[in-house]
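S.K.: just a sequence and a predicted model for now, questions to come.
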Amino acid sequence: MSDNTYNDIFSAFRGDEGDLIAILLRIQEKFGYISEDAVKHTAQFLRLSENQIYGVASFYSKFRFTEPGTTSIKVCMGTACHVHGGKFLADAVSWKLGVSIGQVTGDRRFDFQRVNCLGCCALAPVVKINDRVHARMMVTGLEEILSRRE
Amino acid sequence: MTRRQVARDKWDSLKESRVPVIHIGTATCGTAAGALDVLESVRRTLSENRLEATLVQVGCIGPCYLEPLMDITMPGSPRVSYANVTPQMARSIIERYLIKGDPSLELAVGHFGSNGNGDFDGLPKFFEMPMLKPQVRVVLRNCGFIDPEDIDHYLANDGYVGLAGALEKRPEDVIAEVKEAGLRGRGGAGFPTYRKWEICRSVPGTTKYMICNCSEGDPGAFMNRSLIESDPHCVLEGLLIAAYAIGANHGYVYINADYALAIARLKKAASQMKEYGLLGENILDSAFGFDVTIKEGAGAFVCGEETALIGSIEGKRGMPRSRPPFPAIAGLRGEPTIINNVETLGALPNILRNGAAWYRQFGVQGNYGTKTFSLVGKVRRPGLIEVPLGIKLRQIIFEIGGGSQKRFKAVQTGGPSGGCLSEEYLDIPVEYESMTAAGSIMGSGGMIVMDEETCAVDLALYFLHFTQNESCGKCSPCRVGTHHMVDILEKIVRGQGQMDDLSKLQVLAETVARASLCGLGQTAPNPVLTTLRHFRSEYLQHVKEKYCPAAACKELVEYDIDPVKCNGCHRCVSVCPTAAITGAKSELHKIDIYLCIKCKACYEICRFDPLAADAIVFRSRRSVS
């Protein structure tokens, strides 16, 4: 990635240490993850060490350090989803795609994540596929959606 | 003409609109339920039929189980609310009501008219519905009514009147008013708000900070997000009042980055405030100046803790530090800092506008005012509610929530830091002290109802998993202790628990609670301690009989086919991913329990496919070791 893309992001900030999390969020929005290259550039901009950047970034669950797959599958693991059987949905995705939570399929087409709560607890259990929230999801329904995308 | 007068005129013209007004709730919950598709369908229906109408996107009015909600106000008629609207339904209601004048009452759930309104015979008033009747709306008063992106809607509804009143008083008198109102921290701890403020106010120094805590990391809690999405100005007005009281000129809203809509609405609200002279120097012609920065968090539950939150704002790992000094004395960048929860701030404009005595009419001695809860789980009518403190848990779960479909078992309040209360505690009042005495906490407002199909041990494990994951790792009681507790609980749910595991678990839980550095670790054992106390027999069944009465622990459950019911429809055979089910069509099917991975697909299809016969069951069998 060219330096210019980073400079576009950095230009909105003054370069204080307090900007770090916001900068990382913007980088992840743009590239989908925090690459080694991004850590290097951010370190230069904020005049911090790369270790410091990585130390902060790895603390927060939002940041990821590998390239995401094309289709994002987020199974909600909030309490309401849990009591409505959300773990069956997570197991179904694992079984169907052969990946565990946090992994990307070998062909990079599916990206399987868990989220702590999507905040639509009344619709539990929910699964978010790309930008769409699927409400009151069932194992069979989820498998069908995944088959259609395969 | 003043800005408020302009705003009121704008609001009145909407109220007395000559064209129909259509309200659609498009907060996160509504959107997830499909509100944007409904909105699109409404737009298309209006334009295809060349109908003139005003569309207003509002926030969340509370009853999530009715989402998406669409309300129509015809000129001269009260607003009528339609629930669980699909795009097709929206089209048909608009065509029938706007063109033919038929309000489609069979699809409506309530109206917002006055009593004795004969227009809609048989249709209840919206706020008279069982879910809403016992509620009191103070903090949520505007939610679902105003356009959250229009400051004029807020101004027209007495917005910033509380701030104007506060600025006419001395800061000390504002603090006194809040003391008189008896407001306590709504983040869950219940510390008197005024006392925190007093400490900060009395610390010398010119730089002080006021922070709004919208970290809201509890899974199953969405009160704060919903309030900001539906009425951002109410929280920002509260922030300004608090800042004035403590003498701060700069403030932050710390908000979870996943709350995209809430962040967008906060930013929009702040820019409108600047335009209206409500941020910057000399606010409302007073000597008070204030500006606000929206700071995004990046998903760490521990950042709800005050010192961790400060670390996160400073761009560091969000790890708590030992106190004292408390942030009120030395907080952000070493300066005196007050951190208040979203809901605490949301109550302030109401207190300052109507006075402490007015606020004290809600609630009971020592626990004045209202509290919002997200009532979810195994309950018929889930949603966001606001109730006066002192209300009974039973009233919340059964009157407002409509109880659970299967037999009620327990309620978890306070999220991962809270506890699980069994049926015999349902008649305790919802007050900070009584909830703590029962072993749980008031918490920030997550309230999850469980029925007989929820396993108490599995739920304790669920919360422990969460806190173990979210433990920041700084102190070993929390980092190591929660890990060991998870290990023991996992053994128990797999049916490998021994009797001494229970005593180990108890000792470990008490140690972690006592020795951890911050609130996360100190409260993490609560779900275990309360389930051990109220559901001990369930633990014993798991350990002694390898039996899960709720049939929720996968390892202790077996799938089976009821030979009387099975009609051989072959549906389960087709969905089984491991070919564990066999049998010819129209003949009895069989499950090979060694091939079965217990994925539940066959159970679902057997329940929900019209051809199937509810023959597949799963149950836990007792096997005494």
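M.R.: Yep, that arrived.
S.K.: can you list the residue ranges for strands in chain A?
M.R.: Per DSSP state E, chain A carries strands over the ranges A:71-76, A:110-115, A:127-129, A:132-134.
S.K.: nearest to chain B, out of those strands?
M.R.: For the strands of chain A, proximity to chain B was assessed by CB to the nearest CB; strand A:132-134 is nearest, at 4.0 Å. Every C-beta, even on glycine, is put in place using the N, C-alpha and C of the backbone.
S.K.: hmm, residue B:61 is touching residue B:143, no?
M.R.: Yes. Counting by CB atoms under 8 Å, residue B:61 does reach residue B:143; the two are 6.1 Å apart.
S.K.: residues contacting residue A:119?
M.R.: Applying CB atoms under 8 Å, 6 or more residues apart in numbering or on different chains to residue A:119 gives the contacts A:78, B:28-29, B:222, B:225, B:259.
S.K.: pretty sure residue B:458 is touching residue B:549, no?
M.R.: No. Using CB under 8 Å, residue B:458 is not in contact with residue B:549, being 11.2 Å away.
S.K.: these two: which has the busier surroundings?
M.R.: Remark: of residue B:458 and residue B:549, residue B:458 carries more neighbours, 23 against 20, as counted by other CB atoms under 10 Å in any protein chain shown.
S.K.: what pLDDT does the model give the more buried one?
M.R.: pLDDT recorded at residue B:458 is 97.
S.K.: if I look at it, how far off is residue B:450?
M.R.: To residue B:450, residue B:458 is 10 Å away according to CB to CB, to the nearest Å.
S.K.: if you skip the residues just before and after it, what's nearest to residue A:60?
M.R.: residue B:298 (3.5 Å; CB to CB, 6 or more residues apart in numbering or on different chains).
S.K.: same thing with residue B:128?
M.R.: Per CB to CB, 6+ apart, closest to residue B:128 is residue B:110, 7.4 Å.
S.K.: show me the beta-bridge partners of that neighbour.
M.R.: For residue B:110, the beta-bridge partners are residue B:81 (DSSP bridges).
S.K.: any idea how far it lies from residue B:27?
M.R.: For residue B:110 relative to residue B:27 (CB to CB), the value is 19 Å.
S.K.: now do residue B:470
M.R.: Distance from residue B:470 to residue B:27, counting by CB to CB: 26 Å.
S.K.: pick out whichever of these two has more residues nearby.
M.R.: Using other CB under 10 Å, the more surrounded residue of residue B:470 and residue B:27 is residue B:27, with 31 against 21.
S.K.: now do the same contact list for the more buried one.
M.R.: Residues in contact with residue B:27, defined by CB under 8 Å, 6+ apart, are B:59-60, B:226, B:229-230, B:261.
S.K.: give me the number of residues near the closest residue in space to residue B:53 that isn't next to it in sequence?
M.R.: If the residues on either side of it in the chain are set aside, residue B:53 comes closest to residue B:20, at 4.4 Å by CB to CB, 6+ apart. Counted with other CB under 10 Å, residues neighbouring residue B:20 total 19.
S.K.: ok, now residue B:256?
M.R.: Residue B:256 has 26 neighbours, counted by other CB under 10 Å.
S.K.: again, but for residue A:44
M.R.: The number of residues packed near residue A:44 is 13, by other CB under 10 Å.
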